[in-house]
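Visitor: Okay, sequence plus prediction incoming.
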Amino acid sequence: MASSTEKKHSITLMLIPHNAAKTYCLQTSTPFLVIIGLLWLATVGVASYVLTQRVNYEMVKRANIQLTEKNAYFIQELVKSHDAFQRVAKMEDELQAMLQMKSRKAVLEYTGEGGPTMADQVSLMKTLKNRPAITANEFDSSLGYLRKSASENLETYNELKKYVATQRSLLASRPTAWPVRGWITSRFGMRQSPFWDGLTFHQGLDIANEEGTSVKAPADGVVIYSGWQGSYGKLVVLDHGYGYSTRYGHLQRCLVNVGQRVKRGQVVAFLGDTGRSTAPHLHYEIRVHGVPVDPLKYLKQ
C-alpha cells in the first residue's frame, strides 16, 4: 500500500479505448510528469532552434548565390565597359593622329598624352579579373573611373567635332575649284598693259573662252556685289568667309543677287567682254583679307 504522502503527490491517468469495456489506469508521480514536460519542452526548443538555423542557412545560402551571381554580372559588365572604353580610346587616338589635334589647347599638335595610363588600365583589369567577388566600394570606384574617363573622352570628342566642323567649313570656303573652263591669257603679277599703259600689276587671272560660258563658284559663299563696276564691267563678288573673297569681272550676265548664298560649283554668271576688255574672258581674283593673291596657288590644289 502506498503511503499518504505518495498518494498526495501521485496522479492517475485513465485510458478508455473506443468500443472497449475495459479501461486502463496508469498511476505516476507529479515530479515525473514535470520531468517529462520539461524534456518535451527542451526537445521542442532544440527542434525549433535547429529548424530556425536550417531556414537561416538556406536563406544565407540563397543570398550568397544571388550575391555571387550579381558580382559575376557586375564584373562581366565592367569588363564589357572597359573593353568598350579601350575601343573608344583607340578610336580617339586614331582620330587625333589623323587630324593632328589633341584638344582645344593643342590644335595641330598631337603628342599622345592625356587620358588613362596603361598602369590604370592594368590595375582595373586586375580588379575585375583576379578577384572572385567585388565589393560595393570597388564597384563604385571602378564605375567612377569609367565615368570620368568617358566624360574626358566625350569632352575631347566634342573638341574634335568642333575642329572637324571648322575644318570642313574652311575647306568648303577655300576657292580651290576652277571658276570657268578655258585657257589662261594673262597671269597674276606685273605685266605689259594691253592698253599701252606700260607695266602694270595684274591682280588676277584672265581665263579666255567663248561668251556665254558658265562661270561657277569655286567655293561656298555669299554674294556681296552683283552689277556694273567701272573697268571690271559686270562684276560678281563672293565672300567665302575666313577672310576669302573672289571677284569675277567682264561678265556678260550676272545670275545672282546680293545676299544670296551659293554653293561650290553653282553657276553665278556667264563669261563676257564688258568693261575694259580686249576680248571675251573672265578676270578672276582671289583676295585674302582684302589683299589680292595669285589664284594659281589655290587652283593647283
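Guide: Arrived safely, thanks for sending. In this text the structure is predicted, and so the values were computed from the model without any measurement. Residues are numbered from 1 along each chain as shown.
Visitor: tell me the contacts of the closest residue to Asn257 other than its chain neighbours?
Guide: Nearest non-adjacent residue to Asn257, counting by Cβ to Cβ, 6 or more residues apart in numbering: Ser226, 5.8 Å away. Yep, even glycine has a C-beta here, placed from its N, CA and C like the rest. In this structure, Ser226 makes contact with Leu235, Val236, Val237, Cys254, Val256, Asn257, Val258, judged by Cβ atoms under 8 Å, 6 or more residues apart in numbering.
Visitor: which residues touch the closest residue to Gly275 other than its chain neighbours?
Guide: Once flanking residues are discounted, Gly275 sits nearest to Gly233: 2.4 Å by Cβ to Cβ, 6+ apart. Gly233 makes contact with Gly249, His250, Leu251, Gly272, Asp273, Thr274, Gly275, Arg276, Ser277, according to Cβ under 8 Å, 6+ apart.
Visitor: Who does the third one form a beta bridge with?
Guide: Going back to what we said before, that points to Leu251. Assessed by DSSP bridges, Leu251 has beta-bridge partners Lys234, Leu271.
Visitor: so where does Thr185 fall, helix or strand?
Guide: strand 183-186 (DSSP states H and E).
Visitor: on that earlier part again, kindly reformat the contacts of Ser226 as TSV containing pLDDT and neighbour count.
Guide: Listed next are those as TSV, based on pLDDT from 0 to 100; neighbours: other Cβ atoms under 10 Å:
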residue	pLDDT	neighbour count
Leu235	98	23
Val236	98	27
Val237	98	21
Cys254	98	20
Val256	97	19
Asn257	97	10
Val258	97	12
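Visitor: and which of the residues you listed is nearest His281?
Guide: Among the contacts of Ser226, Leu235 lies closest to His281 (Cβ to Cβ), at 13.8 Å.
Visitor: That closest one contacts Leu251, doesn't it?
Guide: Yes - the criterion here is Cβ atoms under 8 Å, and Leu235 meets it with Leu251 at 6.8 Å.
Visitor: Give the helix, strand or coil label for Thr274.
Guide: Three-state assignment for Thr274 (DSSP: H, G, I helix; E, B strand; the rest coil): coil.
Visitor: is it true that it touches His250?
Guide: Yes - Thr274 lies in contact with His250 (Cβ under 8 Å); the separation is 5.4 Å.
Visitor: hey, what's in contact with both of those two?
Guide: Contact criterion Cβ under 8 Å, 6+ apart; residues shared by Thr274 and His250: Gly233, Lys234.
Visitor: which of the two has more neighbours?
Guide: Using other Cβ atoms under 10 Å as the criterion, Thr274 and His250 rank with His250 on top: 26 against 18.
Visitor: ok, the more buried one - contacts?
Guide: His250 sits next to 232-234, 271-275, 277, 280-283 when contact means Cβ under 8 Å, 6+ apart.
Visitor: and which of those is nearest Pro194?
Guide: Ser277 (9.0 Å).
Visitor: count of residues packed around that closest one?
Guide: Counted with other Cβ under 10 Å, residues neighbouring Ser277 total 18.
Visitor: how far away is it from Gly189?
Guide: 19 Å (Cβ to Cβ, to the nearest Å).
Visitor: Thanks a lot, catch you later.
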